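Visitor: missing the sequence, but the structure's below:
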């Protein structure tokens, strides 16, 4: 199977009709402290996160697993690629899922993190506000997988 590197557009640029900004490769986002990748089901978000975690020596796991375990000290200093916010919410969560996620990230000392979610299940500014303060720089980029 051939893997095609994913590209994403900053969500605010999509709202501005992308203008001079265009899609960027996910590897170009490695310098950001935290960001969310939104996309349609089957778009390749999980595979893209797996590949990025391998390339950066990060940790890839589902949000459900991340929340069910105590934070592992081995995760300190690693970039966390957290997959399936929408799936975790489907199991009965809402913004409380993000609050639990936020608490786990704080216990780890606010590491770099990435969250994958279906676009239709991201609650916009409500979700951004719930999680951005645990980002190392207080920012949370929201990227759309076209």
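Guide: That came through, no problem. Bear in mind the structure is a predicted one, so any value in this text is a computation, not a measurement.
Visitor: for the rest of this, base every contact and every neighbour count on C-alpha atoms.
Guide: Noted.
Visitor: pull the distance from the host helix or strand of residue 89 to the chain's centre.
Guide: Element membership for residue 89, per DSSP states H and E: helix 85-90. Offset of helix 85-90 from its chain centre (CA atoms, centre = their mean, to the nearest Å): 13 Å.
Visitor: need the helix or strand of the chain with the lowest average pLDDT.
Guide: Taking mean pLDDT, DSSP states H and E as the measure, the helix or strand of the chain with the lowest value is helix 11-15, at a mean of 41.
Visitor: show me what the following helix or strand past that one is packed up against.
Guide: Of the helices and strands lying after helix 11-15 in sequence (DSSP H and E), the nearest is strand 24-25. The helices and strands touching strand 24-25, judged by 3 or more CA pairs under 8 Å, 6 or more residues apart in numbering; DSSP states H and E, are strand 7-10.
Visitor: now the strand it packs on: average pLDDT?
Guide: Taken as a whole, strand 7-10 carries a mean pLDDT of 56.
Visitor: show me what contacts the closest residue to residue 27 other than its chain neighbours?
Guide: Distances taken as CA to CA, 6 or more residues apart in numbering place residue 52 nearest to residue 27, at 7.3 Å, with adjacent residues excluded. Applying CA atoms under 8 Å, 6 or more residues apart in numbering to residue 52 gives the contacts 26-27, 58.
Visitor: of these, which is the nearest to residue 111?
Guide: Of all those, residue 58 has the smallest distance to residue 111: 10.6 Å, by CA to CA.
Visitor: please verify my assumption that that closest one contacts residue 78.
Guide: Yes. Assessed by CA atoms under 8 Å, residue 58 is found in contact with residue 78 at 5.2 Å.
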